[in-house]
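**Student:** Here is my input; please provide its structure:
(chains A and B)
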Protein chains: 2
Amino acid sequence: MKHSFEISQIGIIHSPYKTKEECPVQGAFQLEGVGTVELYPEYEEGLDTIETFSHLMLFYIFDRAGKVELCRPTFLDDAPHGIFASRHPCRINSIGLSIVKLEKRDGNILEVGGIDILDNTPLVDIKPYVPIFDHVKNAKDGWVGDVTIRPKPPGRE
Amino acid sequence: MKHSFEISQIGIIHSPYKTKEECPVQGAFQLEGVGTVELYPEYEEGLDTIETFSHLMLFYIFDRAGKVELCRPTFLDDAPHGIFASRHPCRINSIGLSIVKLEKRDGNILEVGGIDILDNTPLVDIKPYVPIFDHVKNAKDGWVGDVTIRPKPPGRE
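**Tutor:** Numbering: from 1, shown residues only, chains lettered A, B, ... in the order given. Purely as a prediction, here's the structure:
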């Protein structure tokens, strides 16, 4: 049986990127982008001991993504790839994931580096990035390893 | 303004783990667990070129998670941690993330290794794991690096 689930916004991600054109393809390629994660104050207790981690996974909603195509050219390749073989924002479920560097916590506000997220994006979860869980040894870059990393082609969703 | 978003199930994750007790804390600690990702056939085109990757990120719903506590003991530590400083399943939004090894694709069916997900879990997204995006150099394990990795304490949610 096919279900649907309700996900609620738990905060707002603020970033220097007001438009899709300004936003980098991946944070790993533009580490200087600094943003702010504003967790709604009622959830602040959920951040307890988060300062022990250097990096976080932010889960958010691609709230300005365009039309979903199951197989499409991507920012990094003009050849089409399936949406599940790509990190493209136009997905069946618009869940975005970014790994960012935790620079500073001030109560319910996190200052983060290496951001690749549009300003005013709805936050839906934060998980710690834990190398012993998340560093997969000998993983392959797939088709991404075969293309030249480039900025976003202008005008492409 | 606080919003909510509808996420729809795109498939089913099948695994050998029928109960929470059987399910490992993290797939990285029990690589022999093999499962099957059944993407609904209408989305099969979205898997195009996925075989070029060795590892995938599965996004799913912790549909059998218990009560949310913002700060709580976790499977790995009896001391409490904020839910956003932990990968614990009982979260404000029940979004789970696991990194698995892609063993084989047969149409809309993916055979995956290193699974740590309960049988019949609703799938909501698949993204490729891309080391050049996701291998963060010099990241810290935070409090997880200070505890002894152990199996789940019996009876603890």
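**Student:** Point out where chain A drops to low pLDDT.
**Tutor:** Low-confidence segments of chain A (pLDDT under 70): A:1-2.
**Student:** can you do 80?
**Tutor:** Chain A contains residues with pLDDT under 80 at A:1-2, A:26-32, A:155-157.
**Student:** which residues in it form helices?
**Tutor:** Here chain A has its helices, by DSSP state H, at A:131-134.
**Student:** Quick check, central residue of it?
**Tutor:** The centroid of chain A falls nearest to residue A:98 when counting by C-alpha atoms, centre = their mean (2.8 Å).
**Student:** Identify the spatial nearest neighbour of that residue, chain neighbours not counted.
**Tutor:** Closest residue to residue A:98 apart from its sequence neighbours, by C-beta to C-beta, 6 or more residues apart in numbering or on different chains: residue A:58 at 5.0 Å. (C-beta placed from N, C-alpha, C; glycine too.)
**Student:** shouldn't that neighbour be in contact with residue A:102?
**Tutor:** No. Residue A:58 sits out of contact with residue A:102 when judged by C-beta atoms under 8 Å, with a separation of 10.3 Å.
**Student:** joint contacts of the two?
**Tutor:** Residues within reach of residue A:58 and of residue A:102 at once, by C-beta atoms under 8 Å, 6 or more residues apart in numbering or on different chains, are residue A:112.
**Student:** These two: which is more packed in?
**Tutor:** Between residue A:58 and residue A:102, counted using other C-beta atoms under 10 Å in any protein chain shown, the more crowded position is residue A:58 (26 against 22).
**Student:** in chain A, which spans are strands?
**Tutor:** Along chain A, counting by DSSP state E, strands occupy A:4-8, A:11-14, A:34-39, A:55-61, A:71-73, A:80-82, A:95-106, A:109-113, A:121-128.
**Student:** helices and strands around the longest one, which ones?
**Tutor:** Helices and strands in packing contact with strand A:95-106 are listed as strand A:55-61, strand A:109-113, strand B:55-61, strand B:121-128; criterion 3 or more C-beta pairs under 8 Å, 6 or more residues apart in numbering or on different chains; DSSP states H and E.
**Student:** how about these, which one is nearest residue A:147?
**Tutor:** Ranking the helices and strands packed on strand A:95-106 by proximity to residue A:147 (C-beta to C-beta) places strand B:121-128 first, at 13.1 Å.
**Student:** so does the closest one get close to chain A?
**Tutor:** Yes. Legend: contact between strand B:121-128 and chain A by C-beta under 8 Å from any C-beta of the partner chain is shown at B:122, B:124-128.
**Student:** quick check, nearest of these to residue A:94?
**Tutor:** Distances from residue A:94 to the residues of strand B:121-128 next to chain A, taken by C-beta to C-beta, are shortest for residue B:125, at 9.1 Å.
**Student:** Could you check what's spatially nearest to that closest one, not counting adjacent residues?
**Tutor:** Leaving out its chain neighbours, the residue that sits closest to residue B:125 by C-beta to C-beta, 6+ apart is residue B:59, at 3.8 Å.
**Student:** Likewise for residue A:30?
**Tutor:** residue A:24 (3.9 Å).
**Student:** Neighbours of that neighbour, how many?
**Tutor:** Using other C-beta under 10 Å, residue A:24 has 19 neighbouring residues.
**Student:** looking at it, residue A:49 is touching residue B:85, isn't it?
**Tutor:** Yes. Counting by C-beta under 8 Å, residue A:49 touches residue B:85, with 4.6 Å between them.
**Student:** any common contacting residues for these two?
**Tutor:** Listed as contacting both residue A:49 and residue B:85 by C-beta under 8 Å, 6+ apart are B:142-143.
**Student:** ok, now which ones touch the spatially closest residue to residue A:126 that is not a sequence neighbour?
**Tutor:** In space, and not counting its chain neighbours, residue A:126 is closest to residue B:84: 4.0 Å by C-beta to C-beta, 6+ apart. Contacts of residue B:84 were listed using C-beta under 8 Å, 6+ apart, and they are A:39, A:43, A:46-47, A:50, A:125-128.
**Student:** Please apply the same query to residue A:91.
**Tutor:** Per C-beta under 8 Å, 6+ apart, neighbours of residue A:91: A:62, A:65, A:68, A:83, B:125.
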